[in-house]
Structure formats: structure tokens, C-alpha cells
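Visitor: compute the structure for the input listed below.
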Amino acid sequence: MPETLIGLRIRERRRAAGLRQADLAAAMGISPSYLNLIERSKRRASPGIVARAARALALDPAELDGAVERRLADRLAELAAEADFADLALDPDDARDLLGRHPDWARALVRAWTARSESLRAVEALSDRLAHDPALSATLHAMLDRIAAIRSASEILASVDDIEPAQRSRFHRLLEEESGRLSEVAGSLAQFFDSAHRETAASSPAEEVEEAFLGASNRFAALEPSAPPSGARAPLGEAPPPARDAPPIRGADRRGAPGPTEAPGMSTAPPWTEVDARLAAEAAALDLFPSTISVDPGARRLALAEALAEAADGAAAQAVIVARPRLVAPAVARRARQALLAAAADARLAPADLLLSEGEALGWDLDALAERFALPPARLARRLTALPEPAPRAAFLRVNAAGQALERRLLPGLALPRLGAACPLWAVYRALSEPGRTLRQLAAFPRGDPWIFVARADPAGPEAWPRRAPLQAILLALPAQAAARTLYAAAPRETPEPVGPNCRICPRDDCAHRAEDPVLG
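Guide: Residues are numbered from 1 along each chain as shown. Prediction:
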């Protein structure tokens, strides 16, 4: 949202709350004259100022900085790209006009389209199972066999009068047995459809949770543990093996960046030592004993952080859910609780104070930070999206080998795929063919500023013959301006790589990778 609109929105919400300018300024901890300049758009409202205004007005910061509106505009652009609406020649740029003039109509349209899309997806999945599932075919054939046996026995009993008593008794037993088998088969069939319904349930709960994280800038203060006053790290010992789901980190993938011990101003002791000390202290206070969780140090660290999050942050996570009406539905609340407790565990594994210090020293090098914290790069990347300033803001995407989105942390201005894949030129899909290597891409969309994409693919878990661990790729996306202070900053004369959102809404007419015709031609 333009800075002019942020100032105007602060003024509108202040007046609606019946507050004087001096009252709001006092609550924000700034001078009335400074607030006056912000409201008149004479001074820029930094993210910190917006957060203060939101707290003073009891609002979500997204209601002031326009993150919600930008996200809705992205969803309306996705709607315009639907093949069912191709004959209407909807222009995605008109979405912002609709949002500006009739925001409630825009929200209603997005909700209706989302519900329709998810219903169609569930119907398609069920139809596919009905047509091809071998279990269903076998169950239906078993049901027909039982029905045929019951019908034959019934016809004999009804049409033959002089059946011997012993023979008649056998037919009655047959009817009883086949009826029982038919009941079992019917129960299996009902269970099949119940399972099919659960497996094809709409994924809108995931989207509701993602929107809640976006509204909170992916960070919930109540789930951030406070740093211990001493700040002393545990004695430096031998580096632990990485967690079981952490692939080996290869220093060469950092493209010649300084190693962990080469960055100026960085502690010699890796931060995982202090993380272990903090986890042990908190576990002792809660009577949790890490030695009973796992003998593997990496897996033990992950399990202990998750156990501490469950024990110490359950009430805080529930409070976050209760405070947001769109998260209280049972299916949404379950998913929200999982995501919130995962965020709480992430905060313990990479505390903000340590990660901010190490990140600044290492230029936010994903590989080096993952090595310093002894964490899987995917988990470290997700944690980076929840850091406050001066950390660069970033979006996060995790996909499987088919390109389907498994997890997202959103950022206004970038439409991450939800149901299908995005543009095949994105580095996250290229990383799937180069597992174990971190890729960096300067991406230029048809509209808007360029982005820095940092992508990496690794097996999601240990491999055991004959089963191979599923391959997953992650994407850390930073606006090029925000990435200027990082290792991945764009070079002065670097040529961006042209990419798009996806083929349906991409206007590029010279792309050799196009798989579908654009809606608008």
C-alpha cells in the first residue's frame, strides 16, 4: 500500500476510535507533531511505527499497512485467470479498482470462488477414486457376490415347497451368513467413502492459517521465548550431527562466501551450543528430560523444542486462535495449532536474538546459518520469515517433487502457488533437479520490482532401502530491495531472469516454457 494511504488509514481508524491525535501519539510513544506529519503523509510510516499504531488502536498491523488488500488483489488476479471465466476477458489490473471501491464485495467474491474451487477439487478427486480405486472395485464385486448368493437362496426357498428340513435349515444358515458378510462389505464401503471424504476435504483451513500468519507478519510475540539474561553460551564441544531430516551442508554451495568462523564480529562458539543450554534450562524448569527423548543429538534437539512448545505454549497458541474468529472452526483450529506450535519450536531452535546476530554477520547466508544452528535448511528458512527488523522480510514456499505446494509463508506482492505449480522458471523447480545445492536467482516479473529467489532441494527424512526419502524443495523469496544487505544481493549490472506468476496470467508472448495459453492473450 502507498505510504500516503497508510497515513490516511491511521487517521481514519484514530477518528473512528474517538481518539485525539495527542492521545494516540502518547500511546505510540511518539510526539503529536510527528504523528501529524505521518497522518498528513509528510513522513514515512516505518513498519515499527505501523506496528505501534496497530497496538494502540487494537488492530492487526495488516489492516493499516495494506497487506490484506494486496493479498486479496493477488487472489482476484488468480480468479481472473480461471479458464471458466476466459470469455469475460477479465483484466487482473482491474482487481485493485474493485478492491478500492468495494472491498467487501471483493472479499465476498474471493470467498465464493475459493469455496467453489475447493468443492470442484474434492469432486474431481472423488470421481477419480470411484473410477480407478482397486479397493472400491473389489468391495463392489464382493457386495454383488453376497447379493447374488442371498437372492439365489431366497428364490429356492420361495419356489420349492418340498425341501427337507435339514436342507431348509442349511439354506437359512446360508442366508444368515451371507447377510452378515453383506453387512460387513457395506460397512467397508461406508468406511471407504468416509475416508475418501476426509482425504479430499477442502484445503481452505490451510489458507485461513496462512492468512492469519500473513496478518501477523509471520510472527507471534507470545510464542517467542525471551533470551536468558546471562547470554553465556554452553561450552564449545564437538559439532553435533545434524537432525535426521537435515541433509549435509556443503560449504562450496555458498559460492565462495566467508565460512562460519570467518565472518567478523561472530562468536567462535556456534549458536547451537547456547540453544542447547537454553533448551536444557527450560526443560529442567518444566521437568522435561531430554535424555528420554532421543539419543541422537540433532533429533533430540528437534524433539525437545517441539515438546517444550507443546508444554509451554499451548495456552498462548489457543489465545491466538480465539482472538481470530476465522481460526476457531474445528478443522482450521487444528491446523492453526499445529502451525503455531511449530513456530514456537522454531523460535526455540533459532532464537531471534541469536539468529539476528548471526544473520547480520553472515549476510543471511542460508547454508551457513543452517550449519551454525545445526538445523535443516528448510526449517531455518521458515524461521527467517518470522524475524523482526533488521532482518529482511521474506516469503517461504515448500513443494514436493511434483511441484505441489506443501507449506507457505506469504508476503504481499508475491503470489505463491497453492493448488498447482507456478512458473517453471522459478528456481525452486530447478532445485529439484540439483538436490543438495542452494540456487540463487534474480527474478523479474512482467510487472513490479524484481525478487531474489533462494532455493534448495533435499530429501525429507532419512532414506532406507528400498524406499527413497521424498524429495522436497524450498524457496526463500526476498524483494530485491530487501535483499540488498544480504549475500544474495543483485549485482549492479546483473540482468534479471524473466519469470511469471503462472502461464494462465502471464502476459509474456515469447516464453518457450509456456504450457497454457494466457487468459488475456
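
Visitor: may I see the buried residues of stretch 303-320?
Guide: Buried positions in stretch 303-320, judged by neighbour count with 16 or more other CB atoms under 10 Å: 303-309, 312-313, 316-317, 320. In short, each C-beta sits where N, CA and C put it, glycine included.

Visitor: export those to JSON lines and tack on secondary structure, distance to residue 93 and pLDDT?
Guide: Shown next, in JSON lines, are those (DSSP: H, G, I helix; E, B strand; the rest coil; distance: CB to CB, whole Å; pLDDT from 0 to 100):
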{"residue": "303", "secondary structure": "helix", "distance to residue 93": "49", "pLDDT": "89"}
{"residue": "304", "secondary structure": "helix", "distance to residue 93": "50", "pLDDT": "91"}
{"residue": "305", "secondary structure": "helix", "distance to residue 93": "45", "pLDDT": "94"}
{"residue": "306", "secondary structure": "helix", "distance to residue 93": "44", "pLDDT": "93"}
{"residue": "307", "secondary structure": "helix", "distance to residue 93": "49", "pLDDT": "92"}
{"residue": "308", "secondary structure": "helix", "distance to residue 93": "48", "pLDDT": "94"}
{"residue": "309", "secondary structure": "helix", "distance to residue 93": "43", "pLDDT": "95"}
{"residue": "312", "secondary structure": "helix", "distance to residue 93": "47", "pLDDT": "94"}
{"residue": "313", "secondary structure": "helix", "distance to residue 93": "42", "pLDDT": "95"}
{"residue": "316", "secondary structure": "helix", "distance to residue 93": "41", "pLDDT": "94"}
{"residue": "317", "secondary structure": "helix", "distance to residue 93": "39", "pLDDT": "95"}
{"residue": "320", "secondary structure": "helix", "distance to residue 93": "35", "pLDDT": "93"}
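
Visitor: surely residue 388 touches residue 219?
Guide: Yes: here residue 388 reaches residue 219: they are 6.6 Å apart, a contact under CB atoms under 8 Å.

Visitor: wait, is residue 456 part of a helix?
Guide: No: Residue 456: not assigned to a helix; according to DSSP: H, G, I helix; E, B strand; the rest coil it is strand.

Visitor: what's the separation between it and residue 473?
Guide: 7 Å (CB to CB, to the nearest Å).

Visitor: likewise residue 496?
Guide: From residue 496 across to residue 473, the span is 21 Å (CB to CB).

Visitor: which one of those two has more residues nearby?
Guide: residue 473 (28 against 16; other CB atoms under 10 Å).

Visitor: would you agree that one is in contact with residue 404?
Guide: No: contact between residue 473 and residue 404 fails when scored by CB under 8 Å: they sit 11.0 Å apart.

Visitor: got the contact list for residue 495?
Guide: Under the criterion of CB atoms under 8 Å, 6 or more residues apart in numbering, the neighbours of residue 495 are residue 442.

Visitor: local confidence estimate at it?
Guide: Residue 495 carries a pLDDT score of 94 in this model.

Visitor: helix/strand/coil for it?
Guide: coil.

Visitor: roughly how far does the most centrally placed residue in the chain sit from residue 437?
Guide: Geometric centre of the chain, nearest residue: residue 408, 2.6 Å, by CA atoms, centre = their mean. Residue 408 sits 23 Å away from residue 437, going by CB to CB.

Visitor: ditto for residue 272
Guide: Residue 272 is 23 Å from residue 437, by CB to CB.

Visitor: okay, the two: which has more neighbours?
Guide: Between residue 272 and residue 437, residue 272 has the larger neighbour count (other CB under 10 Å), namely 25 against 16.
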